[in-house]
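Enquirer: Structure of the sequence below:
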Amino acid sequence: MLGAGIWGAGKLTYHPPSEDLRAQGEVWLTDFRPLQAKHIDMELFLEQRDAFTLQEWRNLLLTSMGYNPNWYHLEDEQMLLLGRLLPIVHNRVNIIELAPKGTGKSFLYSNLSRYARLLSGGKTTAAALFYNLATNEPGLLTLYDLLAFDEAKAISFDNPGEVIGVLKDYLESGRYTRGRQLATASAGVAILGNIEIAADGKPINRVLFRELPEFLQETAFIARFHALLPGWEIRKFSPNSEATGIGLKADFFGEVLHRMRDLAVHGEFVQRKLKIRGSDDIRDVTAVQRVATAYLKLLFPSLKLTDEEFHRYCVNPALRLRQMVCDQLAAMDAEYPTVRLEASVLGTNH
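Expert: Numbers count the residues shown, from 1 in each chain. Coordinates of the predicted model:
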């Protein structure tokens, strides 16, 4: 604990100073209970995936996230819920989720992993996000696997031009500069926003970003996000939504997702097997590859799957979520053409 730190629950007691009024009191750690899974056998975890059917494994993941798979029983709905894990399980996956209130958008990020940081509305500074030039301390992007901005309508920045400019550079390249400080990071960025839904369950506005702050309506900013999750297709959170079955402990599951980020074999598999068509924009290709890789890590971490399974459960969801970004860009800005993303899987079954 003293050498590298560990996540747990402790008891702090304050000991007042002695009779010397110039002395300072002391805070003692008098009790500590570790909550972090200290030793993770990733090989065993990958091997044990093969003992489950795909549906059993998906149910286990959902239960470990805190959701009841018997309530969210539709396959498309389950895949969208798993989509909230994409920026946690794979490096530099950036997502936007738009939905009505009550769908549990922020529930996962505030309860699952100590490597995810949820910022709930309010004003955020460039120093906090990127680098504090006064104290020479790195910002949140370098400290976490995921930075999630909740309540998008309430997000504001002390210097919007600087923050958005630096953030666009980071979303594109994984690097940014503030002052003389050059930093690299692997954190994903998630923006969670509430939108109005019509009686038929669909968004009122064809352009989904019209209800959000002005910076979230800039197409150059939106284009840097790999996926748009249609959260209005997920039922509102209720007592029936909460997991009641057996799942993985949050500290263990969060640690596994964190370590999965460093595995390169899944990305290599996707680049070797996937051929993307329908767009000449490298951002579209990168987005589909990253999202497909993240789904692959979640559903088939041992890489034992058929080409048909890869296409259905990894490629198709990635195409759909990126297509939603492309459709919004085309609706908002004439410089973005209408595209129809497609893909084929190369090679034989694995």
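
Enquirer: Tell me which stretches of this protein form helices.
Expert: 42-48, 54-65, 75-83, 86-89, 107-111, 126-129, 160-173, 219-222, 250-260, 265-273, 282-299, 307-310, 316-332 (DSSP state H).

Enquirer: so which of those is the most packed in?
Expert: Comparing the helices of the chain by mean neighbour count (mean count of other C-beta atoms under 10 Å), helix 86-89 ranks first with a mean of 28. (C-beta placed from N, C-alpha, C; glycine too.)

Enquirer: So which elements touch that one?
Expert: Contacts defined by 3 or more C-beta pairs under 8 Å, 6 or more residues apart in numbering; DSSP states H and E place helix 86-89 against strand 188-194, helix 250-260, helix 282-299.

Enquirer: coming back round to it: looking at the helices of the chain, which has the lowest confidence?
Expert: Of all the helices of the chain, mean pLDDT reaches its minimum on helix 107-111 (a mean of 88).

Enquirer: Nearest to Glu218, out of the helices and strands packed on helix 86-89?
Expert: strand 188-194 (12.5 Å; C-beta to C-beta).

Enquirer: And for that closest one, what's in contact with it?
Expert: Applying C-beta atoms under 8 Å, 6 or more residues apart in numbering, the contact partners of strand 188-194 are 84, 86-88, 90-101, 105-106, 109, 145-153, 155, 167, 170-171, 211-212, 216, 225.

Enquirer: Show me which residues of that strand are buried.
Expert: Going by neighbour count (16 or more other C-beta atoms under 10 Å), the buried part of strand 188-194 is 188-194.

Enquirer: any chance of these in JSON lines, with pLDDT too?
Expert: Shown next, in JSON lines, are the buried residues of strand 188-194 (pLDDT from 0 to 100):
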{"residue": "Gly188", "pLDDT": "97"}
{"residue": "Val189", "pLDDT": "97"}
{"residue": "Ala190", "pLDDT": "96"}
{"residue": "Ile191", "pLDDT": "94"}
{"residue": "Leu192", "pLDDT": "94"}
{"residue": "Gly193", "pLDDT": "92"}
{"residue": "Asn194", "pLDDT": "91"}
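
Enquirer: re the thing from before, can you say which of the contacts of strand 188-194 are buried?
Expert: For the contacts of strand 188-194, a burial check counting by 16+ other C-beta under 10 Å picks out 84, 86-88, 90-100, 105-106, 109, 145-152, 155, 167, 170-171, 211-212, 216, 225.

Enquirer: before we move on, back to that, just the ones of the contacts of strand 188-194 in strands?
Expert: 95-99, 146-153, 155 (DSSP state E).

Enquirer: Closest to Val270 out of the buried residues of strand 188-194?
Expert: Nearest member of the buried residues of strand 188-194 to Val270, counting by C-beta to C-beta, is Gly188, at 16.7 Å.

Enquirer: how close does that closest one get to Leu129?
Expert: As defined by C-beta to C-beta, to the nearest Å, Gly188 lies at a distance of 14 Å from Leu129.
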